[in-house]
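*Asks:* Based on what follows, work out the 3D shape:
(one chain, ligands or ions: 1)
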Amino acid sequence: MREVLRVEDVHVVRDGKPILQEVSLTVRAGEHWALLGANGAGKSTLLRLLGALVHPTRGTVEVLGRRLGRVDLRELRAQVGHVDPRHPLTASLRVRDVVLTGLTNSVAPLPRWRPTEEQRDRAFRLIGILGLGDLADARWPTLSQGQRGRTLIARALMPAPRLLLLDEPATGLDLPGREQLIDALDALRRGHPTLATVLVTHHLEELPPGTSHAMLLREGRVLAQGPAPRVLTGDQVGKCFDLLLVLERHDGRWTVRIRGRA
Ligand SMILES: Nc1ncnc2c1ncn2[C@@H]1O[C@H](COP(=O)(O)OP(=O)(O)OP(=O)(O)O)[C@@H](O)[C@H]1O
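*Replies:* Numbers count the residues shown, from 1 in each chain. Take a look at the predicted model:
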């Protein structure tokens, strides 16, 4: 399968402090990565690199075959779906209009921009896939956190990106909300077999069954990476969080039990 992301020996230093060190990663079309690590491990910083939001201090990052530093970051960014739970929208937009802003890569609709019939149809299709069919006309301030999260995923998918980045998409969701999100992500992956995703989380319980690969980050370094069944073991995830863990997988989903401190 085609490469969507290639990170080679990347270092990120901020205020003289190393935040990422010797990080390498290749993500191919159709792969679904989980990026795990304790608070401050560097997950969001790596996701921001993958989303062409920042440059590495050293090393190379290729997003959709284009090397950061050689291309216009803004243009590249528009081709990557990035779901940020801190989306700065405050206006009272309807769900369908929020989803359409994914095409203009803006928080609010641009003044003279009008979607085509085809674009409107695509927005409704995505709203349906994300389980929001009944809420297409609902307004942003009236949505629950889970409904907002799914709206933002539909928004990120509007330009048909080959890469979708999700930063802790289940934060703040109740159990039904989390399960709806996981179902929606799996439906999405089945419907778009070449889409690649990278999902940042602290909680293994939040990983969709379709998760194919995982990377464990610890203090800015890669502790383990590769196919999910090989990486997501009690031993390795335990090392990542300094805990003794028992990790089990049933019907594609993971559960964790803590046995003590490592
Ligand atoms: N611009 C910056 N300047 C200085 N330090 C920074 C900057 N951005 C991030 N850091 C530091 O880098 C480390 C990694 O941050 P990052 O947000 O990538 O971690 P994370 O794994 O996503 O954490 P969390 O799970 O808490 O969201 C943290 O110690 C953070 O304080």
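*Asks:* in the stretch 101-250 of the chain, which spans are strands?
*Replies:* Counting by DSSP state E, counting those that start in this stretch, the stretch 101-250 of the chain has strands at residues 163-167, 196-201, 213-218, 221-227, 243-250.
*Asks:* Compile the ones you listed into TSV and extend it with columns for mean pLDDT and distance to the ligand.
*Replies:* Where C-beta positions appear, they are placed from N, C-alpha and C, glycine not excepted. TSV is the format used below for these (pLDDT from 0 to 100; distance: least, C-beta to the nearest ligand atom, whole Å):
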stretch	mean pLDDT	distance to the ligand
strand 163-167	94	8
strand 196-201	95	7
strand 213-218	97	7
strand 221-227	97	12
strand 243-250	91	16
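*Asks:* Same list, those, but as TSV with distance to residue 149 and mean neighbour count please.
*Replies:* Output for the strands of the stretch 101-250 of the chain, formatted as TSV (distance: least, C-beta to C-beta, whole Å; neighbours: other C-beta atoms under 10 Å):
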stretch	distance to residue 149	mean neighbour count
strand 163-167	9	23
strand 196-201	12	24
strand 213-218	21	22
strand 221-227	26	16
strand 243-250	24	14
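*Asks:* all helices for the stretch 51-200 of the chain, in order.
*Replies:* Ranges of helices within the stretch 51-200 of the chain are 73-77, 95-104, 117-129, 145-157, 175-191, based on DSSP state H, counting those that start in this stretch.
*Asks:* can you put those helices in CSV and add distance to residue 88?
*Replies:* Below are these laid out as CSV (distance: least, C-beta to C-beta, whole Å):
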stretch, distance to residue 88
helix 73-77, 16
helix 95-104, 12
helix 117-129, 21
helix 145-157, 11
helix 175-191, 21
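*Asks:* and this protein, what are its domains?
*Replies:* 1-79+161-223, 89-160 (automatic domain parsing).
*Asks:* hang on, isn't residue 225 packed against residue 25?
*Replies:* Yes - with contact defined as C-beta atoms under 8 Å, residue 225 reaches residue 25; the gap is 6.6 Å.
*Asks:* shared neighbours of these two, which are they?
*Replies:* Jointly contacting residue 225 and residue 25 under the rule C-beta atoms under 8 Å, 6 or more residues apart in numbering are residue 215.
*Asks:* Tell me the residues of this protein that contact the ligand?
*Replies:* With C-beta under 6 Å from any ligand atom as the criterion, the chain comes near the ligand at residues 14, 15, 17, 19, 37, 39, 40, 41, 42, 43, 44, 45.
*Asks:* filter the residues you listed to the buried ones?
*Replies:* For the residues of the chain next to the ligand, a burial check counting by 16 or more other C-beta atoms under 10 Å picks out 19, 37, 41, 42, 43, 44, 45.
*Asks:* What residues does the fourth one make contact with?
*Replies:* Shown in contact with residue 42 (C-beta under 8 Å, 6+ apart): 12, 19, 20, 23, 217, 219, 220.
*Asks:* And the pLDDT at the second one?
*Replies:* If I follow you right, that is residue 19. pLDDT for residue 19: 96.
*Asks:* how far away is the closest residue in space to residue 88 that isn't next to it in sequence from residue 115?
*Replies:* Closest residue to residue 88 apart from its sequence neighbours, by C-beta to C-beta, 6 or more residues apart in numbering: residue 107 at 5.8 Å. Here residue 107 is placed at a distance of 16 Å from residue 115 (C-beta to C-beta, to the nearest Å).
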